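>>> Sequence first, then the predicted structure, then my questions.
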Amino acid sequence: MADNAEVTPVVSNLPPGPGKEEQGGGEGGGGSESDAGGGLTDAQSEVLERCLHALKHAKNDSHTLAALLLITRLCPASQLDKPTLRRIFEAVGLNLPARLLVTAVKGNDSSGLPPHELLSLGTALLSALSTDPDMASHPQLLTTVPLLLGLLANGPVNQQKRAAEEQNLAGEMGPSPGSEVHLADPAKSTKETSRQKGDDSSAANGVSTPQEPSPSSKLDEAMAADCYQVLTAVYALPRGPDQLLSRGAVPALCQAVEQNQTFSQKRGLDLLGCLLSGKTKDKAWSKHPAELLALLVKLSKDFCQSKDRAKLDMCSQLVPFLPPVGVEVESEEMKGVVSRVWGELRPMMQAKLTPKQIGPILILSACLLDLYGWELVGPPKFCCLLVNRTCVEVRMGLEEPPGTDLSPELQDTLTACYRIMEAAIEQACCLGVTQTAAPPQSSISTLSLQQSRQVLGVLEEAFSALMYHLQQVDPSRYGDPFIFATFRSLCSWLAEETSCLKEEVTRLLPFLIGYSRSHLQGESREQGLSDWMADVSVTEERGAWTGKEALRYLLPALCHLSAEEGPRKVLLTLDTPALLVDFLSQSWTSLKGKNGATSARDPSMETACSALLNFTVTEPERVRKDSCFRTLEALLSEALPVLVHKPRLLVLAANYCTLGLMIGRLKSARTVEAGPRRFFSTALRFLRGALDSGSSPGPVKVSLSWEESWDEVAELWRLSLQALGGCVRVQPWITALVREEGWLKHTLTMLAQCSALPDQHAQEVLEEALCAMVDQCSVCKQEVGDAMMRDDKGALSCMRNLKKSVGVK
């Protein structure tokens, strides 16, 4: 809103003087509507200067209001420029309107004006003052926000009844000549009040609904508009949403909507929607779940009762009022809301719709899926229709000629489509994993084989369109949030399915790696992405942008692709191992800077280790020659000694240990450096702690510290022991460490006492490691032979290859 327009309420709401003309800026002083924007005449400027002087030197409230009234009569707001408006605002200050509100709320008769008129004056002045951002952020103005919210929620009459609860507000207004207003000439005020009341009555009768409160409990439209102007100005401040939230804006606006107060159905809902669309959404739902759920129930019922075009419009209106994913609300009532909305969306989805019409439906559908998945969507046939229409929209939107700009509305629709596609992929993978167990209870879980094939077919076509679009992206657009959303969606597909579209995926690898590297190394302009990450409604992305996000989403696909020869060769030409090492280095720097309480597990670091492990196993020459693997060894030598003391990060420690040993078996070294020695010492102690035979005979058990994660780390433990044997063969100096660190003694004692190991594979890898040590070290051979001679009943006696190596029958 323009400044001039926002100052107009000062004119319209001040007490009318003799001969007042109709509102619009044609009052006295030679001004007229045709003069709008034309500036002031010399006479007007002279009067203005005198009035400003009077404002600055006013001895009481009556003098201040008289000067203000004269300005509005002779100098229309439309003819005042910003500097002049600022001078007026500075002369009036925030003290007067704040005291007007306090006086009205307390209902003190000493002011000489009725409360309603004081409220009208106060809100009008605050509205005008709030058009200046410096004024809007002033502490005195912010302390009036609860009063304005109370007016909007309760109306002027009910707000005055709550005066006792608001007594403390007078002390919050800062230094002032007095907390209440005292005006002269009450007779004139009484006459003006009579006229104002007549205006209020007609204004109140202008809006009529069966549920609306009585006219006496509703604000007139001008006063309501002023209140919303102030709140909107506060919201626009950098910390505005938090300022409103901390001052009770959510419950007050919810109450205003529920009671159908003036402008609540438009401006109240709009402001609430803004508060629930950004960073304050989680806070609002955490603080006021009951009020917001009641509002959502009301809006969902309105949605169900609306017709045709209105229902389409309400799809967009409902979205911000849905709770964020992960916030607990009354589940049954919330499920009822979601179920009702799906019931209305089903026939809408089946109708003939233009792309512009289907967009809001798909966005709302994506938000509902975020909350409850496919459980409440509907029958399998409708689930197929939803996925099919989603994929069609994606293909139509993305398969445009290169250089075609996508509108913001289309980008919003496509981003919602991506979430629907990702939900479909996730459900399809769940079905694949749980075929032998009880399937997840949802509508899509009962798809027939033909329907499943149809869904997979349309998804494949849609993801082909995503790849086509990304292939055209120029590096200058890497900071575009829509490109990141498209990239992320494709990665969700590649994480589960790399056998389809393999050639297209391989051709796209230069973009995928280049895009991830650009963000990881901070080459892209990322402010837009940072803002998007902060505001996005899906919790997994919520938080500050770090630059690692793109690669983090790509990592599962890299695990699959690095295991296949064709894609792996392309990845090597793109220097992908160095990118992964850089990612691990940055992630480790971030992780070690946290204390024990906040060092949470980061699965992406484990996935990066898995991809590097694939390169290590399949490309030994590259590992020997590429300098990034030397950097990686130094990182592992630094990190593993720290990780072994963090129980929550045991899986990461197992990955680091395995990766380091697998690299070590490819390096021959006669001399020992401090870094490798520290790593191997730590690795031996770490591996020794996995199994615990106890003091009694019987099968060996997984130690308590490893038990919880054994399913994830068992294979890594076995691979580490296998690699340890390889390291001993190429770096014989390790055998001395094996004895010094107690690994050999511990292992022989355990094998002698226990009757069996957790599985046959564990026995095989332990035997392989012991054979390597026996072959490389005569002292080790002697110790193993002595142990076998002493015990002929434990698991050690069952290792035939080891017996041959030490010469024991």
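Yes, it's here. Residues are numbered from 1 along each chain as shown.
>>> name the helices or strands packed onto the longest helix anywhere in the chain?
In the chain, taking DSSP state H as the definition, the longest helix is helix 408-433. Judged by 3 or more C-beta pairs under 8 Å, 6 or more residues apart in numbering; DSSP states H and E, helix 408-433 is in contact with helix 355-372, helix 380-398, helix 449-471, helix 481-496. No exception for glycine: its C-beta is placed from N, CA and C like everyone else's.
>>> So for residue 346, which of those helices sits nearest?
Of all these, helix 380-398 sits nearest to residue 346, with 5.5 Å by C-beta to C-beta.
>>> So for that closest one, mean pLDDT?
The average pLDDT for helix 380-398 rounds to 94.
>>> cool, and stretch 551-564?
The predicted model assigns stretch 551-564 a mean pLDDT of 95.
>>> Quick check: residue 678 touching residue 637?
Yes: between residue 678 and residue 637 there is a contact at 5.5 Å, judged by C-beta atoms under 8 Å.
>>> Could you identify the helix or strand that succeeds the lowest-mean-pLDDT helix or strand in the chain?
The helix or strand of the chain with the poorest confidence is helix 3-13; it has a mean of 35 (mean pLDDT, DSSP states H and E). With elements assigned by DSSP states H and E, the helix or strand that comes after helix 3-13 is helix 42-56.
>>> Tell me which helix or strand comes right after that following helix, heading toward the C-terminus.
From helix 42-56 onward toward the C-terminus, using DSSP H and E, the following helix or strand is helix 61-74.
>>> what angle separates that next one from helix 42-56?
Angle of helix 61-74 versus helix 42-56, following axes from the mean of the first three to the mean of the last three C-alpha atoms, to 10 degrees, is 160 degrees.
>>> Remind me what helix 61-74 packs against, helices and strands.
If you count contacts as 3+ C-beta pairs under 8 Å, 6+ apart, helix 61-74 packs onto helix 3-13, helix 42-56, helix 82-92.
>>> which of the ones you listed sits most buried?
Neighbour counts (mean count of other C-beta atoms under 10 Å) averaged over each of the helices and strands packed on helix 61-74 peak at helix 3-13, with a mean of 20.
>>> Turn the helices and strands packed on helix 61-74 into JSON lines, including distance to residue 690.
Converted to JSON lines, the helices and strands packed on helix 61-74 look like this (distance: least, C-beta to C-beta, whole Å):
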{"stretch": "helix 3-13", "distance to residue 690": "71"}
{"stretch": "helix 42-56", "distance to residue 690": "81"}
{"stretch": "helix 82-92", "distance to residue 690": "73"}
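>>> Could you tell me which ranges of the stretch 51-200 of the chain sit under the pLDDT cut-off?
For the stretch 51-200 of the chain, the stretches with pLDDT under 70 are 72, 76-78, 108-112, 157-200.
>>> try 80 this time
Counting by pLDDT under 80, the stretch 51-200 of the chain has low-confidence residues at 58, 61-62, 65-66, 68-82, 84-86, 89-90, 93, 105-114, 156-200.
>>> For it, which segments count as helices?
Chain-ordered helices for the stretch 51-200 of the chain, with DSSP state H, counting those that start in this stretch as the definition, fall at 61-74, 82-92, 95-106, 115-129, 133-136, 139-142, 145-161, 186-204.
>>> How far does the fifth one sit from its chain's centre?
Computed by C-alpha atoms, centre = their mean, to the nearest Å, the chain-centroid distance of helix 133-136 equals 29 Å.
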